[in-house]
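K.L.:
only geometry, no sequence info:
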């Protein structure tokens, strides 16, 4: 079923030779590191906007690009269709445009950004970090990997912190271990990977899977903040 709230777009930015849309959240002090938040397969929903606001409240300037062009849903079949119809290359180009936009904003400090992605966005976060090299200093995928299990991570220089659920039926823990090994073989990066006694989307308090876990979400949140400030502050 469609998300009755619709997409949380509030900003446009140039990307991939066209105009892209997203949700921008600024810190109250007006100055802070840049952070790209990459949506789940539900679209740029109220949950994604709320996560952007939470990061902004911690001092980051946050941009969550709308990869689905305004479409949102809470129906898994529709979400799967939207994801399937999104070319990976186009999504990465749009995300690279988001990095350009953030680094050009007044008040964004430093010459590199952080990237946090959830579910589908976790995989895209890693793809973006590999594409952008040293313009991404820290990347945090939550329960998401690149769609190609044989993806070549050469180009990735960012520090990596990854969060996955032990009871996630969509991502095998072995696949996570294999991805970490591939990153280590292709780069000098040694990912920090945490597994939680939780299911998929355990950070999403709006998910319909019933897998939200407030305790594990809180632990992952604090780890993420410490990690981002350690590499972006």
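P.N.:
Arrived safely. Since this is a predicted model, take the numbers as computed values, not measurements.

K.L.:
so where do the strands sit in the protein?
P.N.:
With DSSP state E as the definition, the chain shows strands at residue ranges 11-15, 18-25, 32-38, 61-65, 108-118, 136-142, 159-165, 192-196.

K.L.:
partner strands of the last one, parallel or antiparallel?
P.N.:
According to DSSP bridges, the neighbouring strands of strand 192-196, each with its direction, are strand 159-165 (parallel).

K.L.:
cool, and the second one?
P.N.:
Strand 18-25 has the following sheet partners, assigned by DSSP bridges: strand 11-15 (antiparallel), strand 61-65 (antiparallel).

K.L.:
which residues of the protein score low on pLDDT?
P.N.:
Counting by pLDDT under 70, the chain has low-confidence residues at 1-5.

K.L.:
name the surrounding residues that touch stretch 86-102.
P.N.:
Outside of stretch 86-102, the residues that reach it under the criterion Cβ atoms under 8 Å, 6 or more residues apart in numbering are 13-16, 20, 22, 34-36, 38, 61, 63, 65, 67-68, 108, 113, 115, 124, 127-128, 131-132, 135-136, 147. C-betas here are computed from N, CA, C, even on glycine.

K.L.:
out of those residues, which are buried?
P.N.:
Judged by neighbour count, with 16 or more other Cβ atoms under 10 Å as the criterion, the buried members of these are 13, 15, 20, 22, 34-36, 38, 61, 63, 65, 67-68, 108, 113, 115, 124, 127-128, 131-132, 135-136.

K.L.:
report the beta-bridge partner residues of the nearest residue to residue 10 once chain neighbours are set aside.
P.N.:
Nearest residue to residue 10, sequence neighbours excluded (Cβ to Cβ, 6 or more residues apart in numbering): residue 23, at 5.5 Å. Beta-bridge partners for residue 23, by DSSP bridges, are residue 64.
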